[in-house]
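In: just a sequence and a predicted model for now, questions to come.
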Amino acid sequence: DAKTTQPPSMDCAEGRAANLPCNHSTISGNEYVYWYRQIHSQGPQYIIHGLKNNETNEMASLIITEDRKSSTLILPHATLRDTAVYYCIVSRGNSGYSTLTFGKGTMLLVSP
Amino acid sequence: AAGVIQSPRHLIKEKRETATLKCYPIPRHDTVYWYQQGPGQDPQFLISFYEKMQSDKGSIPDRFSAQQFSDYHSELNMSSLELGDSALYFCASSPTNVNTEAFFGQGTRLTVV
């Protein structure tokens, strides 16, 4: 699975949009971009994933560049409860065929 | 909705003892993953099972073994425990479909003293 690079930490004011970048320049054509987050010592929580098109759900939006070498997770209106470590993972999928490999994520601190 | 159930939630063992962690996946999920997360570290993949067969192996020590049973629950067996095995152990499950997400349990906190 391709390796990812994320900034170690980011700050965001409550109510503002949080834009978390991820570089995955070695991504291959059949690999998805997944985002998970982990609130202190809880089990990681799925946020969103995509292949090449931009995706949106009730939690966030995922913007993938046309060359697929980078992506941005957008939390449109960050709240204090969004403070967590955010992991960008590139994987061929979530099944018996592939594994989620966690790298160094981004610690997002949302402040009042 | 049913989630991934892990038991026990907390476990204290002495060095050289054995421990067994259990994971009950979401119904109709046939894939189970085990992760270890040491203090201040990121989750590290240990091993996974698909349809009761080992499907992938990560950095699992030889002292550890795991299996998935006919009802799809999984157990992680840890022997000759060392202080460095103290960590959070997460189990996750997912259905067969490739294009979907994995669901994580709340973890078992193992403390080796």
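Out: On my side now, so go ahead. Quantities reported herein were computed from a predicted structural model and do not represent experimental measurements. Residues are numbered from 1 along each chain as shown, chains lettered A, B, ... in the order given.

In: just the mean pLDDT for stretch B:73-90, thanks.
Out: For stretch B:73-90, mean pLDDT is 98.

In: just checking that stretch against chain A, any contact.
Out: Yes: residues of stretch B:73-90 contacting chain A under CB under 8 Å from any CB of the partner chain: B:Leu88, B:Phe90. Just so you know, the C-beta spots here come from the backbone N, C-alpha and C atoms, and that holds for glycine as well.

In: and B:Gly84, which of the three is it?
Out: helix (DSSP: H, G, I helix; E, B strand; the rest coil).

In: distance of it from A:Lys104?
Out: Going from B:Gly84 to A:Lys104 by CB to CB, to the nearest Å gives 20 Å.

In: contacts only, for B:Glu75.
Out: B:Thr20, B:Leu21, B:Lys22, B:Cys23, B:Ala66, B:Gln67, B:Phe69 (CB atoms under 8 Å, 6 or more residues apart in numbering or on different chains).

In: check A:Ala78 too.
Out: Applying CB under 8 Å, 6+ apart, the residues contacting A:Ala78 are A:Cys12, A:Ala13, A:Glu14, A:Gly15, A:Arg16, A:Ala17, A:Ala18, A:Leu108, A:Val110.

In: on the three-state scheme, residue 109 is what?
Out: By default, I'm working from chain A. Note that with three-state DSSP, the state of A:Leu109 is strand.

In: re earlier: which one of B:Gly84 and A:Lys104 has more residues nearby?
Out: A:Lys104 (15 against 9; other CB atoms under 10 Å in any protein chain shown).

In: check which element follows the worst-scoring helix or strand of chain B on mean pLDDT along the chain.
Out: Ranking every helix and strand in chain B by mean pLDDT, DSSP states H and E puts strand B:53-57 at the bottom, with a mean of 89. Counting by DSSP states H and E, the next helix or strand C-terminal to strand B:53-57 is strand B:64-68.

In: who touches that following strand?
Out: Residues outside strand B:64-68 that contact it (CB under 8 Å, 6+ apart) are B:32, B:34, B:46-47, B:49, B:52-54, B:60, B:74-79.

In: of those residues, just the buried ones, ChimeraX syntax please.
Out: Selection of buried members from the contacts of strand B:64-68 for ChimeraX, criterion 16 or more other CB atoms under 10 Å in any protein chain shown:
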select /B:32,34,46,47,49,60,74,75,76,78
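
In: need the three-state assignment for the residue most central in space within chain B.
Out: For chain B, the residue nearest the mean C-alpha position is B:Trp34 (3.3 Å; CA atoms, centre = their mean). Three-state call for B:Trp34 (three-state DSSP): strand.

In: okay, whichever residue of chain B sits closest to chain A: pLDDT?
Out: In chain B, the residue that lies nearest chain A is B:Tyr50 (2.3 Å; CB to the nearest CB). On the pLDDT scale, B:Tyr50 is placed at 88.

In: quickly list what it is bridged to.
Out: Beta-bridge partners for B:Tyr50, by DSSP bridges, are B:Thr31, B:Met53.

In: hang on, the residue nearest to the centre of chain B packs against B:Met78?
Out: No: contact between B:Trp34 and B:Met78 fails when scored by CB atoms under 8 Å: they sit 10.6 Å apart.

In: just the buried ones from the contacts of A:Ala78?
Out: Using 16+ other CB under 10 Å as the threshold, A:Cys12, A:Ala18, A:Leu108, A:Val110 are the buried ones among those.

In: can you pull the residues of chain B lying near chain A?
Out: Going by CB under 8 Å from any CB, the residues of chain B near chain A are B:4, B:30-31, B:33, B:35, B:42-45, B:48-51, B:55-56, B:58, B:88, B:90, B:92, B:94-107.
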